[in-house]
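In: Attaching a predicted model along with its sequence, questions to come.
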Amino acid sequence: MPAFCLPGLRSDVGPRSLRIRILELLCDGDKNVNALQELLRTEGSAVSQQLAVLRSKNIVYGTKDGNKVMYSLRDPMIIELLAVARRIFNNHLIDTISMFDQINQK
């Protein structure tokens, strides 16, 4: 999936998946660590760790809001990138399912 080519998204499957899920949530608007943690149903430390990676690669940025930091996408083109990556992934998935269906019919 092309989204994996973004700097900061390369890693093993677990953290990469979490970073992509964080980006998808940020596509809907700014969020703090607690909101992301609740939406992702994961530990705050894991979310904070992955946000640090995304910040270090200039993919997201944080803005202080009282005692919380609100995270945002640095470039709105990331929204389009994720949408295209999702379509490509779905197309490949459909092709794979069709191939398995053909194999099973034989």
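Out: Now that the structure is in, tell me what you want to look at.

In: contacts and neighbour counts: CA atoms only from here.
Out: Noted.

In: what's the helix or strand for the spatially most central residue of the chain?
Out: Centroid-nearest residue in the chain, with Cα atoms, centre = their mean: Ile20, separated by 1.2 Å. According to DSSP states H and E, Ile20 maps onto helix 13-26.

In: where does this protein dip in pLDDT?
Out: By pLDDT under 70, the low-scoring segments of the chain are 1-13.

In: Going along the chain, name the helices of it.
Out: 13-26, 33-40, 44-56, 77-105 (DSSP state H).

In: Indicate which one of those helices is closest to Met70.
Out: Minimum separation from Met70 across the helices of the chain (Cα to Cα) falls at helix 33-40, 7.7 Å.

In: residues in contact with stretch 24-44?
Out: Arg21, Ile22, Val47, Ser48, Lys68, Val69, Met70, Tyr71, Ser72, Leu73, Ile79, Leu82 (Cα atoms under 8 Å, 6 or more residues apart in numbering).

In: So which bits of it are buried?
Out: By 16 or more other Cα atoms under 10 Å, the buried positions in stretch 24-44 come out as Glu24, Leu25, Leu26, Cys27, Asp30, Lys31, Asn32, Val33, Asn34, Leu36, Gln37, Gly44.

In: Dump the C-alpha coordinates for it into PDB.
Out: Taking Å, rounded to 0.1, in the frame of the first residue of the first chain, the C-alpha atoms of stretch 24-44 are listed here in PDB:
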ATOM      1  CA  GLU A  24      -7.100   8.000   9.600                       C
ATOM      2  CA  LEU A  25      -8.600   9.400  12.800                       C
ATOM      3  CA  LEU A  26      -6.800  12.700  12.400                       C
ATOM      4  CA  CYS A  27      -8.300  12.900   8.900                       C
ATOM      5  CA  ASP A  28     -11.600  13.600  10.700                       C
ATOM      6  CA  GLY A  29     -10.000  16.500  12.800                       C
ATOM      7  CA  ASP A  30      -7.600  17.300  15.500                       C
ATOM      8  CA  LYS A  31      -7.500  15.000  18.500                       C
ATOM      9  CA  ASN A  32      -5.500  14.700  21.700                       C
ATOM     10  CA  VAL A  33      -3.800  11.500  23.000                       C
ATOM     11  CA  ASN A  34      -6.800  10.600  25.300                       C
ATOM     12  CA  ALA A  35      -9.300  10.900  22.500                       C
ATOM     13  CA  LEU A  36      -7.100   8.800  20.200                       C
ATOM     14  CA  GLN A  37      -6.600   6.200  23.000                       C
ATOM     15  CA  GLU A  38     -10.300   5.900  23.500                       C
ATOM     16  CA  LEU A  39     -11.100   5.600  19.800                       C
ATOM     17  CA  LEU A  40      -8.200   3.100  19.200                       C
ATOM     18  CA  ARG A  41      -8.900   1.200  22.400                       C
ATOM     19  CA  THR A  42      -5.200   1.000  23.200                       C
ATOM     20  CA  GLU A  43      -2.900   2.300  25.800                       C
ATOM     21  CA  GLY A  44      -2.000   6.000  25.900                       C
END
